[in-house]
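S.K.: Predicted coordinates and the sequence they were generated for:
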Amino acid sequence: MSIMEQIKETIESSPVVLFMKGTPQFPQCGFSARAVQILQACGAEFTHVDVLANPEIRANLPQYSNWPTFPQLYINGELVGGCDIAIELFEKGELQKMMQTATANP
């Protein structure tokens with residue numbers, strides 16, 4: 001399986017996926033830490049992928065998604081965006097609704 005196929009399978013196998021630097025318990029950058037805080041505040045479970053521990057994913061995900069930075073948040077197989085977009089959606093109450101819908105219908 002190619003790395004692009006692995007990325008696609010990861011995104012499609014869980015309703016909410018966060019590609020981040022580090023882990024939710026030990027984020028390795030401020031943006032990843034903030035994204036985790038937001039997702040945890042929504043109260044829904046999510047899958048994470050540590051791009052620092054997976055250099056092939058780190059190198060190829062920006063090409064897959066056409067999004068150059070990390071973290072990258074996917075809900076129901078669709079790229080939502082990075083930390084700034086997640087914060088904006090959270091502050092408007094939209095991210096909570098997106099997470100509830102995604103995790104209610106796995």
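M.R.: Good, I have the coordinates.
S.K.: in the helix or strand where Arg58 lies, what's buried?
M.R.: Secondary structure from DSSP states H and E places Arg58 in helix 55-65. Within helix 55-65, the residues that qualify as buried are 57-58, 60-61, 64, counting by 16 or more other Cβ atoms under 10 Å. To be clear about C-beta, it is placed using only N, CA and C from the backbone, and glycine gets the same treatment.
S.K.: Using PDB, write out every CA atom in the helix or strand following it.
M.R.: Reading on from helix 55-65 to the C-terminus, the next helix or strand found by DSSP H and E is strand 72-75. These are the backbone C-alpha positions of strand 72-75, laid out as PDB (Å, rounded to 0.1, in the frame of the first residue of the first chain):
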ATOM      1  CA  GLN A  72      -4.600  19.100  10.000                       C
ATOM      2  CA  LEU A  73      -8.200  18.200  11.100                       C
ATOM      3  CA  TYR A  74     -10.400  15.900   9.100                       C
ATOM      4  CA  ILE A  75     -14.100  15.300   9.900                       C
END
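S.K.: now what about strand 72-75, what contacts it?
M.R.: With contacts defined as Cβ atoms under 8 Å, 6 or more residues apart in numbering, strand 72-75 is touched by 11, 15-19, 35, 39, 61, 65, 79-82, 85-86, 98-99, 102.
S.K.: Quick one: mean pLDDT over the very next helix or strand once past that strand.
M.R.: Counting by DSSP H and E, the next helix or strand C-terminal to strand 72-75 is strand 78-81. Strand 78-81 comes out with an average pLDDT of 97.
S.K.: Helices of this protein, start to end?
M.R.: 3-13, 30-42, 55-65, 83-92, 94-104 (DSSP state H).
S.K.: list the contacts for the most centrally placed residue in the chain?
M.R.: Among the residues of the chain, the one closest to the centroid is Leu18, at 1.9 Å (Cα atoms, centre = their mean). Contacts here follow Cβ under 8 Å, 6+ apart; on that basis Leu18 touches 32, 35-36, 39, 46-49, 71-74.
S.K.: for Gly22, same thing?
M.R.: Taking Cβ under 8 Å, 6+ apart, one finds 28-29, 32-33, 50, 52 in contact with Gly22.
S.K.: Need the pLDDT of Met1.
M.R.: On the pLDDT scale, Met1 gets 87.
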